[in-house]
Every structure is written in C-alpha cells, then in structure tokens.
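Student: Structure for this input, please:
(chains A, B and C)
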Amino acid sequence: MTTFPHSIPIPVVEYELITNPSRLSEVLLPLLKARVLAIDTETTGLDPLSDRIRLIQIAIPKHPVVIIDLAAISIHKLSPLKQLLNNNAVKVFQNGKFDWQVLEIAGLRPKGPFFDVMLASQVLRSGLKKDHDLKSLALEFLGIKLDKSLQSSNFAGKLSTSQLEYAALDAFILLKLRARLISKLRNARLLETAKMEFAAMPAVAEMELNGMLLDVQEWHLLSEELNQKKQTTLAELVKAGLKPAPSAQLSLFPEITETINPRSSTQVLNALHALNIPIQSTSKSELIPLARQYPIIQLLLNYRKLASLCSNFAEALPKHIHPITGRIHPSYRQCGARSGRFSCKKPNLQNVPRNCTAKGMRTCFISAPGYQIIKADYSQIELRIVAEISGDRRMLDAYSKGEDLHTLTASLITGKTLEEVTSEDRRIAKSVNFGLIYGMGAAKLQAYAEEKYDVLLTFEEAKQFRIRFFQAYSGVKRWHERIRRTVYVKDIKQIRTIGGRRRRWSKKPRLSELLNHPVQGTSADMLKVAIARLFKVLPKTGAKLIGVVHDEILLECPQTTLKRTSHILKKVMVEAGELYLQQVPVEVEVTISSSWAS
DNA sequence: GGATCTAGCGCC
DNA sequence: AAACGGCGCTAAATCC
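Tutor: I've put the predicted structure just below:
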C-alpha cells in the first residue's frame, strides 16, 4: 500500500458555471467526445424523493469542470445535457446510487457503464472496515486532504465562490480516484467484481425509489393483536411471580417496584435468582433448556419476543412511510456486508418476521392496484454452493438427481432408508446441514437445533450426528481441512468467492469465517448479476424491482405481464447462478401473490 | 444530558 | 481443543 508521508496540496480546479441555456450546448461540446465523465451533484438535501438537485458538475481531463446551475435553466432547455448523460462514456460517481436517483427524478437519468469509487473501494478493501466517503478515499488513495465542511451547506440559494470551488473539486477528484482504483483493482484481480457492482448500482438505486407498499389498515390490526398478546403475557408473568428481588424492595415507593421490566436483563437476572432459578445470564440459549421446567421462563421468552416484535416492527415500520409516495423506501447498501451481501436499513426490510402472528407481517406488504408481487428465491443456494466448492461427491450426486438434501442427510445420520425418513428426521437433518457446513461444534448444534428447529437432541446425539455428517460428506470434511491449513499452516488472511470477490482480515481469521465467505459471497454475486440484468430487461415488462433478501428477488408486476415476467425473472436468476455453479443445478422457486407472503 | 455500548430480537 | 457466518433496530445500561 502506498503511503503519503506529506499530504499533497489540494489541487486548484478551474471551472465554468453555466447559468444560461445558450451557453450550454457550446460548453458541453468537448465533453461529448470524452470517453470518461466524472459527475457529481449538489442537492438541497439527502432525500432524493423530496429534495431537489441544484448543481451538476462534470469533469473530464485537462478541461475546466463544467458546473451547471439547474435552478437557472428550464428542463426544456436541457437536451444537450440529457444527450451527454445518455451517451456511452463511462460515468464516474462517488456513491452513484444517490446521484442516479437525483438525476432520475430530475428527468436526467444517466446511462452506464458506471464507475463508482465508493463501491470500488469497498470491493478492494472488503473486510478491513474502513471509511469509504470521498474525503477518506482522497486521503487514502491520493494523499489529498479534502475539506468537506461545505458538503452540507445550503445549496438552495445564492452560491458562494467557495461552494462552487468545492463542487468543482469533488467532480475533478473522481477522475484521479478512478485511475488509481483501476490499477489497484486490476492488481488485486478485483476489476470484474467491481464491474459487477457498478452494473448492479442503477438497479439498486431504482429499487429504493420504487419502495414497497404497506397495507396500513391490516398492519394496524396486526399491531393491535400483538400488543394484546404482549399485555396478557405481562400479566401472566407478574402472576407467575416475576417481581423485584428482595433487596430492591427497600425502595421508598414499593408500589412502583411491584413489577420489573422483563426487557431489562439485569432486573430479570436478579428476579430469577430470587426464585432460585440457577442462571448465569438471561440469554436465550441459557433460558431455553429451562423453559420446560419453569413456566415463568417460557413466559419471559414469549414476552421478550412479543415486545421486540412490537417495538422493532409493529410500531417502527409505519413511521417510514414516505409522505410523497406513500410507500416505504429502505436504504440498501450493496456492499453492506463483508461477504458482499446486501445490507438494508431505515428500515431494514430484510428482517421482517415471517410467521410471528396468525396472519404474518409479510402479508401486509402488498402490490398496488393492477399489480401483483412476484417472489423468486434460489433454492437451498448455500448448500448448493458448498457442494460446488467442496466437490463433495454425495452432495453433487444428490443435487444432480434432483434429490432432497435434507432427506438424504436424515437418512445418512439415522441409518434409515430414504423412504423411512420421517418429517421429524428431516427437520433434524436440516439443522444439522445448516449448522455443520461452517464447522459448528456439537454443543452449539444441540442448542441451535432446539432454538431454531424445535429439535431436542442430547449432547451425545449431537456429537454422533456431527461425526456421521462428516463421514457421509467426506468432501465437505476435506474442504474444511484444506481451508484449515490455509489459516493455521500458511497463515493466509484472505479468501475469495467462486467469482473472485475477496475478503481480507487484519488479524487471524476464524476457520468458520473463511468457510463462510466463499459461500455467502458467491450467493451475493449471483444475486447482483441477476438484478443488473433485470434492470435491462424489466422495463419492457412494466415490472419493478422492489426488494432483495439475500437469495430472494421481489418484483411488483402489472397483472397483464405476470406470466412473461415471472418466466424472465426465473431465467435471469438461473443463468446468473449458472455463471458460478458448473457442477450443481441451480433452481429458482417463483410464487405470485397479492402480497409478500409465500 | 447526550453519545456509545450491549443484549436480545428479527431475517437469510 | 474447539469453533457456524452475515446483517440492523430497539431499549436498557453505561460512559463521558
């Protein structure tokens, strides 16, 4: 890594401010010939749906930065700009998702190929937890200290010279950053991964603008139901004897301390100790084994779950309904996870509960009139990727014959034939499969099976299943051993997905992290290829991308094109998967419904 | 008093 | 020898 012992002075950037339509086409003429355009925008705020674009700054090498004051020029006079943004030049952005959205809403949608310096940096430094804002990138890759104090200045009124200089520099610096990042990416063999991110970027930008529609009335009913349950559970808890520990009752106001807050782990710990229940912490894994013995613990678990559902979802999600669109527009980060997976926030729609009430929260996410929701997800994608990467014969055989891997595992660990396997056996096997591929130990497997699959195993059983799993899938065992050697013998601190996406560690990685990245990351890669391709083909169907959840894609589709669109969606997803999986068939399950429920 | 950390919940 | 990974949000607890 290059270091810059002395910071380089901030370059002086020439610019021309355009406030007059008659000068526009003239000044854009040389830009039309450029192969690369660096673009930045300044807006009146950070919400593309309610704030407005003020400036667009465009930089090309050896030329003054062109700053166009969009407050001064009517949209009808902008065709030269539209033509420029719609040409085949590479468009360079910093966090281009935001600029894409702002430009789209201003009727100035830019056309790719794109280069996003933030995404490039995230791909390059994945796992190393660094900042990826423009200031950090300029310092890290160019040794330039940028002054970003004007970023949040008022871009609605009259603009100062320093604001214009700031705006010009932001665009100009992107050219230099791109050049530096390209060579870094190429040296790290990450250019292909970065290009995949760039291609997915407009799809992500549009997905956020599309947002999802929440049925507020149904949501309210569901919230009421949850709240009722929460209150009755609280009453039962008090009845069952959840009260302050004796020492705490020395309070001057005993009536106030008659009950405790069941969400407070410290209060709960004391209260349970007072009831002679032997626990070290109030964590779920410690409470679950005691739930059968002590009814109060089951009530406590129920209450905590209900309280979390109420505050995290029932009360929280309606607050995110946008006043202009009436829809929820979460913020997706396409490189949000170190594996390359998406993360989602404000609100996080990737963790909306599936089956928390009789009705289900996801049924409240609905399609607009005249539309339906198409949901498509990759079937057992992580296990398929494990089969591909490990080359495990048995897994590959099972998948190529179209067999069910959970049933196969059930048969292998119980010794029963495939026909004898019960649905209970299969559920056990499911927990075993998902638990053991990343090297879970027997104790955790036991807890995990109970917590997630309601499967009771003794420690000995968990141990036996673990042994039999690795006997049955010896290729998986060899894969684990191969990776183990890379950490503990070769001291390697990085690993890649099938497509080459890299994750690094600053300290010695855990084996499970090294096993996990190629699997989760490859799954993320195929999802991104899929949405990038969908971005190109969906417009002709009228369908809109409205959500992604790791191995799942959600479209809102006009009734009239449902059949064709779901066919296209499935085809695109399967083909994206097949780019990475050569030995395992890729399967995608598609459902059509008036809501997000499956 | 506000900022930050932790525990515990949801999802794939 | 033992070890599942990846996220975000809320409320309580703690720090400054």
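
Student: how much space is there between A:N348 and DNA strand B?
Tutor: 6 Å (CB to the nearest atom of the strand, to the nearest Å). No exception for glycine: its C-beta is placed from N, CA and C like everyone else's.

Student: For that residue, which residues are in contact?
Tutor: Going by CB atoms under 8 Å, 6 or more residues apart in numbering, A:N348 touches A:P330.

Student: Tell me how far it lies from A:I373.
Tutor: For A:N348, the distance to A:I373 (CB to CB, to the nearest Å) stands at 19 Å.

Student: OK, now which residue of the stretch 351-500 of chain A is nearest to DNA strand C?
Tutor: A:G441 (2.5 Å; CB to the nearest atom of the strand).

Student: dump the residue contacts of that residue.
Tutor: A:G441 neighbours (CB under 8 Å, 6+ apart): A:R466.

Student: Kindly report the same for A:I568.
Tutor: A:534, A:537-538, A:541.

Student: Sort out for me which of these are in strands.
Tutor: Within the contacts of A:I568, no residue falls in strands by DSSP state E.

Student: name the element A:C344 belongs to?
Tutor: Using DSSP states H and E, A:C344 sits in strand A:343-345.

Student: which residues sit against the following helix or strand past that strand?
Tutor: Per DSSP H and E, the first helix or strand lying C-terminal to strand A:343-345 is strand A:365-366. Contact with strand A:365-366 is made by A:212-215, A:352, A:373, A:594-596, as judged by CB under 8 Å, 6+ apart.

Student: Of those residues, which pair is most distant in space?
Tutor: A:V352 and A:S594 (16.8 Å; CB to CB).

Student: between the two, which one's more packed in?
Tutor: Using other CB atoms under 10 Å as the criterion, A:V352 and A:S594 rank with A:V352 on top: 20 against 12.

Student: Hmm, A:T363 and the more buried one touching each other?
Tutor: No: using CB atoms under 8 Å, A:V352 is not in contact with A:T363, being 10.7 Å away.

Student: rewinding a little: could you pick out the buried ones from the contacts of strand A:365-366?
Tutor: Taking 16 or more other CB atoms under 10 Å as the criterion, what is buried in the contacts of strand A:365-366 is A:212-214, A:352, A:373, A:595-596.

Student: which among the residues you listed gets closest to DNA strand C?
Tutor: A:V352 (10.5 Å).

Student: Leaving out chain neighbours, which residue sits closest to A:T560?
Tutor: Nearest non-adjacent residue to A:T560, counting by CB to CB, 6 or more residues apart in numbering: A:G542, 7.5 Å away.

Student: hang on, the earlier thing: identify the contacts common to A:V352 and A:T363.
Tutor: Between them, A:V352 and A:T363 share the contacting residues A:W596, judged by CB under 8 Å, 6+ apart.

Student: Buried residues in stretch A:369-383, which are they?
Tutor: Neighbour counts using 16+ other CB under 10 Å place A:371-378, A:380-383 of stretch A:369-383 among the buried residues.

Student: out of those residues, which touch DNA strand B?
Tutor: The subset of the buried residues of stretch A:369-383 lying close to DNA strand B, counting by CB under 7 Å from any atom of the strand, consists of A:D377.

Student: Now pLDDT too, for the buried residues of stretch A:369-383, in CSV please.
Tutor: Shown next, in CSV, are the buried residues of stretch A:369-383 (pLDDT from 0 to 100):
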residue, pLDDT
A:Y371, 98
A:Q372, 97
A:I373, 97
A:I374, 97
A:K375, 97
A:A376, 97
A:D377, 95
A:Y378, 97
A:Q380, 95
A:I381, 96
A:E382, 95
A:L383, 96
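
Student: Among the buried residues of stretch A:369-383, name the ones in helices.
Tutor: Judged by DSSP state H, these include A:381-383 as members of helices.

Student: Can I get the residues you listed in a markdown table including distance to A:L405?
Tutor: Output for these, formatted as a markdown table (distance: CB to CB, whole Å):
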| residue | distance to A:L405 |
| --- | --- |
| A:I381 | 12 |
| A:E382 | 11 |
| A:L383 | 6 |
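
Student: tell me the contacts of the closest residue to A:I73 other than its chain neighbours?
Tutor: Nearest non-adjacent residue to A:I73, counting by CB to CB, 6+ apart: A:P21, 5.1 Å away. Listed by CB under 8 Å, 6+ apart, the contact partners of A:P21 are A:73-74, A:77-78.

Student: repeat for A:W100
Tutor: Neighbour list for A:W100: A:93, A:109-110, A:201-202, A:205-206 [criterion: CB under 8 Å, 6+ apart].

Student: Out of the residues you listed, list just those in helices.
Tutor: Per DSSP H, these map to helices at A:201-202, A:205-206.

Student: Could you dump those into a markdown table and include pLDDT, neighbour count and distance to A:L237?
Tutor: As requested, those are arranged in a markdown table below (pLDDT from 0 to 100; neighbours: other CB atoms under 10 Å; distance: CB to CB, whole Å):
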| residue | pLDDT | neighbour count | distance to A:L237 |
| --- | --- | --- | --- |
| A:M201 | 97 | 27 | 49 |
| A:P202 | 97 | 23 | 51 |
| A:A205 | 97 | 24 | 47 |
| A:E206 | 97 | 22 | 47 |
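
Student: Kindly check the end-to-end length of stretch A:376-393 for me.
Tutor: One end of stretch A:376-393 sits 28 Å from the other (CA to CA, to the nearest Å).

Student: picking that back up, just the pLDDT at the residue nearest to A:I73, thanks.
Tutor: With respect to pLDDT, A:P21 has a value of 93.

Student: Show me the shaky parts of chain A.
Tutor: By pLDDT under 70, the weakly predicted segments of chain A are A:1-9, A:152, A:244-258, A:358.
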